[in-house]
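Enquirer: Show me how the following folds:
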Amino acid sequence: MTKLTDQSLLKTASYWQGEWHDADSNFEVINPANGDVIAKVADSTATAAEKAVAAADKAFAGWAARPASERSELLLRWQQLLLEHQDDLGLLLTLEQGKPLAEAKGEIAYGASYMQWFAEEAKRVYGDTIPAKSGDQRIVVIKQPVGVVAAITPWNFPNAMIARKAAAALAAGCTFVVKPAQLTPLSALAMAELADRAGIPAGVFNVITSTDAKAIGDVLTQDKRVAKFSFTGSTKIGKQLAKQCAGTVKRVSLELGGNAPFIVFADADLDAAIDGLMASKFRNAGQTCVCTNRILVQQSIVEPFTEKLQQAIGKLKLGKGTDDNVDIGPLINNDACDKVDKLLHQALAMGAKLHCGGKRQATDSLFYFPTLVTGVNNDMAVAQDEIFGPVAAVQSFDDEAEAIALANATDSGLAAYFYSRDIGRCWRVAEALQYGMVGVNEGMVSNPTAPFGGVKQSGYGREGSKYGLDDYLDVKYLCLGGLDK
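Expert: Numbering: from 1, shown residues only. Now for the predicted structure:
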């Protein structure tokens, strides 16, 4: 941490009501690249979460009443501060999460782009007038902020996942309480420091750090003062949190697990497909919800495609995120490595073929070599479970109908990708894939101007785009009568 230009960005206490609050106990934040303790952070309790919700509730009326132009200006100040401190924020992120520094800095810019987008959208929350049945009435529809928003965010994008939720919430006029993942709390706390510097009023943005996910989650999902709950994480946990929100009938947004297919048709530009696949599969060491999980290649091109893919994988550099020219950092913890290893070896035992990688860099290391395995089928766990690691699993198909059937044979429906130069096929397949987002000849679909979210058991609600404010707004119908008297 001595490399931080601005040491005051390293915060270790929870933040609510515009103040920093220590706890009776702390937990360690570990650098996955070397096992070093980066910091000891306040292990806050459910009582602290209740106080943060109270702070957000107290601040709501004043924040909602501010003109949209003022909320917009404050969000833009916050965005500018994120960009001005991009190097420090990127370093913090790399040290606690492990991804290469270039990727980490890219995440800071990506998160800041949501601040900019929603700062502008704050001024475009439009209503409607509707023709009434009688001349003495007028019908008006207005949109108002839902209230206090609570969120739980994951460790794989500790800045951007908060930024795109908080930016939309604050733009709509809501106040915000977030519990970041205990593995990566430092990015969230640095964001809170910059929110304070930007002039975001006390109680509008609050951060609770804790290892007691259940206790904090109980507060955020069951407190009546929380009007909306947003979660990004596993499908299993998302289902449980949604159940807990039902008791108070909260508005809920869920962005859950994925099982993204990447389909390569025989008429595809293979070099372009390889480039798109490498970006989609190996970003953040494969630890993203929209990462390619299944690579479906038409039978007639499996051999040349596999050869090109192995060559591309062989060029990836494994190492600490702070080292130069690194492509793949460590996995987040030992459990993650064990899961990847188990999925891979189950596939190999069932007849899959290993081409490269397939093991950790060392027995006690969290670095896992980029891996290529072929001969995979849908009966294998590696094709049904999220790998969340740098393993490219290739399976083949014969025709378009089979590719679509294989791609849709999952309960998940977050992101899908395919490559083809047939314009008719592009439309047919894009419409047939049961996913919330589809990349057509494109391996990177995330963009603040586009709606991010899934279908089926990958969740509901959208983040980003003009649709991104909808979940933070109530639609109110006003009927004005007696206007002819």
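
Enquirer: got the buried residues for stretch 133-147?
Expert: 143, 145, 146, 147 (16 or more other CB atoms under 10 Å). (Each C-beta comes from the backbone N, C-alpha and C, glycine too.)

Enquirer: host element of the spatially most central residue of the chain?
Expert: The centroid of the chain falls nearest to residue 161 when counting by CA atoms, centre = their mean (4.6 Å). Assigned by DSSP states H and E, residue 161 belongs to helix 160-172.

Enquirer: other SSEs contacting that helix?
Expert: The contact analysis (3 or more CB pairs under 8 Å, 6 or more residues apart in numbering; DSSP states H and E) places helix 160-172 against helix 68-84, helix 101-121, strand 148-152, strand 175-179, helix 186-198, strand 226-232.

Enquirer: Figure out which of the ones you listed is closest to residue 391.
Expert: Closest approach to residue 391 among the helices and strands packed on helix 160-172 is made by helix 101-121 (18.5 Å; CB to CB).

Enquirer: Show me what the closest one is packed up against.
Expert: Taking 3+ CB pairs under 8 Å, 6+ apart as the contact cut, helix 101-121 packs with helix 68-84, helix 86-97, helix 160-172.

Enquirer: for the first one, packing partners?
Expert: Taking 3+ CB pairs under 8 Å, 6+ apart as contact, the helices and strands that helix 68-84 lies on are helix 101-121, helix 160-172, helix 186-198.

Enquirer: Name the residues that touch it?
Expert: 63, 89, 108-109, 111-112, 115-116, 118-120, 122-123, 125, 163, 167, 170-171, 173, 191, 194-195, 197-200 (CB atoms under 8 Å, 6 or more residues apart in numbering).

Enquirer: What subset of the residues you listed is buried?
Expert: 63, 89, 108, 111-112, 115-116, 118-119, 122, 125, 163, 167, 170-171, 173, 191, 194-195, 198, 200.

Enquirer: burial count for the residue nearest to residue 373 when sequence neighbours are not counted?
Expert: Leaving aside its sequence neighbours, residue 373 sits nearest to residue 352 (CB to CB, 6 or more residues apart in numbering; 4.9 Å). The tally of other residues near residue 352 (other CB atoms under 10 Å) stands at 22.

Enquirer: Wait, residue 352 touches residue 376, no?
Expert: Yes: Residue 352 lies in contact with residue 376 (CB atoms under 8 Å); the separation is 5.2 Å.

Enquirer: Mutual contacts of those two, please.
Expert: If you check residue 352 and residue 376 against CB under 8 Å, 6+ apart, the residues they both contact are 382, 393.

Enquirer: If the nearest residue to residue 461 once chain neighbours are set aside is in a bridge, with which residues?
Expert: Take residue 461 and drop its neighbours on the chain: the residue closest to it by CB to CB, 6+ apart is residue 253, 3.0 Å away. Note on residue 253: beta-bridge partners residue 230, judged by DSSP bridges.

Enquirer: For residue 253, list the residues it contacts.
Expert: Residue 253 neighbours (CB under 8 Å, 6+ apart): 228, 229, 230, 231, 453, 459, 460, 461, 462, 463, 471.

Enquirer: what about the closest residue in space to residue 305 that isn't next to it in sequence, how many neighbours?
Expert: Once flanking residues are discounted, residue 305 sits nearest to residue 297: 5.1 Å by CB to CB, 6+ apart. Counted with other CB under 10 Å, the neighbours of residue 297 add up to 28.

Enquirer: my read is residue 297 is in a strand, agree?
Expert: Yes: assignment of residue 297 by DSSP: H, G, I helix; E, B strand; the rest coil places it within a strand.

Enquirer: related to what we said a few turns ago, can I get the helices and strands packed on helix 68-84 in CSV with distance to residue 45 and mean pLDDT?
Expert: Putting the helices and strands packed on helix 68-84 into CSV (distance: least, CB to CB, whole Å; pLDDT from 0 to 100) gives the following:
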stretch, distance to residue 45, mean pLDDT
helix 101-121, 28, 98
helix 160-172, 21, 98
helix 186-198, 17, 98
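
Enquirer: of these, which approaches residue 236 most closely?
Expert: helix 160-172 (18.1 Å).

Enquirer: any idea of the angle the helix holding residue 161 forms with strand 148-152?
Expert: 170 degrees (axes from the mean of the first three to the mean of the last three CA atoms, to 10 degrees).

Enquirer: what angle sits between helix 160-172 and strand 175-179?
Expert: 160 degrees.

Enquirer: Off-centre distance for helix 160-172?
Expert: 12 Å (CA atoms, centre = their mean, to the nearest Å).

Enquirer: That one to helix 86-97, inter-axis angle?
Expert: 130 degrees.

Enquirer: Next one: residue 30 from residue 334, what distance?
Expert: Per CB to CB, to the nearest Å, residue 30 is found 11 Å from residue 334.

Enquirer: neighbour count winner among the two?
Expert: Remark: of residue 30 and residue 334, residue 30 carries more neighbours, 19 against 13, as counted by other CB under 10 Å.
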